[in-house]
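Trainee: Structure here, sequence nowhere to be found:
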């Protein structure tokens, strides 16, 4: 085991740590210099609002992608909510550019691209050592009326009828198992997880109930950022499931390349949500995952897409 804390104590600690790293410290407005956007020594300068935050400690000391995604969205939101408190995020598009170092703080430089009558746009660079590790664009919109429809939720068992991943792996002394136990998120798979064993059916889809193991309050900007954090955990698993792979397969090399989210309706991540996922394609060492997040009464809240590098070492 990794320490003497119970699983519940570890989860509470990880939740507190998550909320802590989402409390970004503002450093002011500055002219920033960005080097190596295109992996060269090209330099560009721009005006930006600058924030800083620490990272969650990871076993491999590489920043978890969902964390820097959530922090970047929060940084963008901090430049919107004071002037337009009713203007909420409706989409984000991000590229993971370099691995992050969890022992070093991350600086977030936010460019105010546009503030219109009903929309705002922001661009964020998450920086370490003078180079971007993630680049994110986000758009915000005032509440508006219009056409309204959404897809139907799949008919699946209720989360109370499914085992919690943390309970399954609590007594297993394996790094991946204990990493799952310490997450601040409760995951419950409709067709079983693929941590150490492949799924029974090789199909490129899965349904996972998830919820944050604690309250975050009613701030919609924080709710959206926490959902962004949670959305990165399982989205590429529909690719792995289709090919009978597991997370503990030593031949696999997996890394997120990009991540997009469309917030149809802001939702509290502490309630049970169904993450319905599928992979329409895998090729060229890359796999695409698409997910829809529903409330348990069937309301579609978010659509998410992510492409990842998924490489298999030769035997």
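Mentor: Structure's in. What do you need? This structure is a prediction, so every number in the text was calculated from the model and none was measured. Numbering: from 1, shown residues only.
Trainee: Report the contact partners of residue 270.
Mentor: Residues in contact with residue 270 (Cβ atoms under 8 Å, 6 or more residues apart in numbering) are 211, 212, 214, 215, 216. Every residue, glycine included, has its C-beta placed from N, CA and C.
Trainee: neighbours of residue 11, just the number please.
Mentor: Residue 11: 21 surrounding residues under other Cβ atoms under 10 Å.
Trainee: residue ranges for the helices of the stretch 51-200 of the chain, please.
Mentor: For the stretch 51-200 of the chain, the helices defined by DSSP state H, counting those that start in this stretch cover 65-78, 165-169, 175-181.
Trainee: Give me the residues contacting the longest one.
Mentor: Which is helix 65-78. Contact with helix 65-78 is made by 18, 21-22, 24, 26, 49, 51, 53, 55-56, 89, 92, 94, 96, 100, 106, 108, 110, 122, 124, 126, 133-134, 136, 138, 140, 221-222, 224-226, 228-233, 256, 259, as judged by Cβ under 8 Å, 6+ apart.
Trainee: my guess is residue 187 meets residue 195, correct?
Mentor: No - assessed by Cβ atoms under 8 Å, residue 187 is found out of contact with residue 195, at 10.1 Å.
Trainee: so what sits against both of these two?
Mentor: Each of 165, 180 lies in contact with both residue 187 and residue 195 under the rule Cβ under 8 Å, 6+ apart.
Trainee: Drop anything exposed from the contacts of helix 65-78.
Mentor: Buried residues within these, counting neighbours by 16 or more other Cβ atoms under 10 Å: 18, 21-22, 24, 49, 51, 53, 55-56, 89, 92, 94, 96, 100, 106, 108, 110, 122, 124, 126, 133-134, 136, 138, 140, 221-222, 224-226, 228-233, 256, 259.
Trainee: What is the burial count for residue 95?
Mentor: Residues lying near residue 95 (other Cβ under 10 Å) number 15.
Trainee: right, I mislabeled it, should have said residue 153
Mentor: Here the neighbour count serves as a burial measure; for residue 153 (other Cβ under 10 Å) it reads 18.
Trainee: Same question for the one 10 residues further on.
Mentor: Look at residue 163: counted by other Cβ under 10 Å, it has 11 neighbours.
Trainee: roughly how far apart are it and residue 209?
Mentor: As defined by Cβ to Cβ, to the nearest Å, residue 163 lies at a distance of 11 Å from residue 209.
Trainee: Quick check: neighbours shared by those two?
Mentor: Listed as contacting both residue 163 and residue 209 by Cβ under 8 Å, 6+ apart are residue 188.
Trainee: Test my guess that residue 208 contacts residue 189.
Mentor: Yes - the criterion here is Cβ under 8 Å, and residue 208 meets it with residue 189 at 5.4 Å.
Trainee: Excluding chain neighbours, what is closest to residue 207?
Mentor: residue 190 (4.2 Å; Cβ to Cβ, 6 or more residues apart in numbering).
Trainee: For the chain, give me the ranges with low pLDDT.
Mentor: For the chain, residues meeting the criterion pLDDT under 70 lie at 1-3, 32-44, 315.
Trainee: any idea where the strands of it begin and end?
Mentor: Here the chain has its strands, by DSSP state E, at 25-35, 43-53, 88-96, 106-115, 119-128, 131-141, 185-189, 205-212, 252-263, 273-283, 286-295, 300-312.
Trainee: Including distance to residue 13, could those strands go into a markdown table?
Mentor: Formatted as a markdown table, the strands of the chain follow (distance: least, Cβ to Cβ, whole Å):
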| stretch | distance to residue 13 |
| --- | --- |
| strand 25-35 | 21 |
| strand 43-53 | 18 |
| strand 88-96 | 26 |
| strand 106-115 | 21 |
| strand 119-128 | 24 |
| strand 131-141 | 25 |
| strand 185-189 | 14 |
| strand 205-212 | 14 |
| strand 252-263 | 25 |
| strand 273-283 | 23 |
| strand 286-295 | 26 |
| strand 300-312 | 27 |
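Trainee: Count the residues that sit near residue 168.
Mentor: Residue 168 has 18 neighbours, counted by other Cβ under 10 Å.
Trainee: what residues are up against it?
Mentor: Counting by Cβ under 8 Å, 6+ apart, residue 168 has contacts residue 193.
Trainee: Could you do residue 109 as well?
Mentor: By Cβ under 8 Å, 6+ apart, the neighbours of residue 109 are 30, 32, 34, 46, 48, 49, 50, 124, 125, 127.
Trainee: which one of the residues you listed is nearest residue 280?
Mentor: Nearest to residue 280 among these is residue 124, at 28.0 Å by Cβ to Cβ.
Trainee: That closest one contacts residue 133, correct?
Mentor: No - with contacts counted by Cβ under 8 Å, residue 124 stays clear of residue 133, the gap being 11.3 Å.
Trainee: what about the residue nearest to residue 207, how many residues close to it?
Mentor: With neighbours defined by other Cβ under 10 Å, the count for residue 190 comes to 16.
Trainee: is it true that it touches residue 163?
Mentor: No - in terms of Cβ under 8 Å, residue 190 does not count as a neighbour of residue 163; the distance is 10.9 Å.
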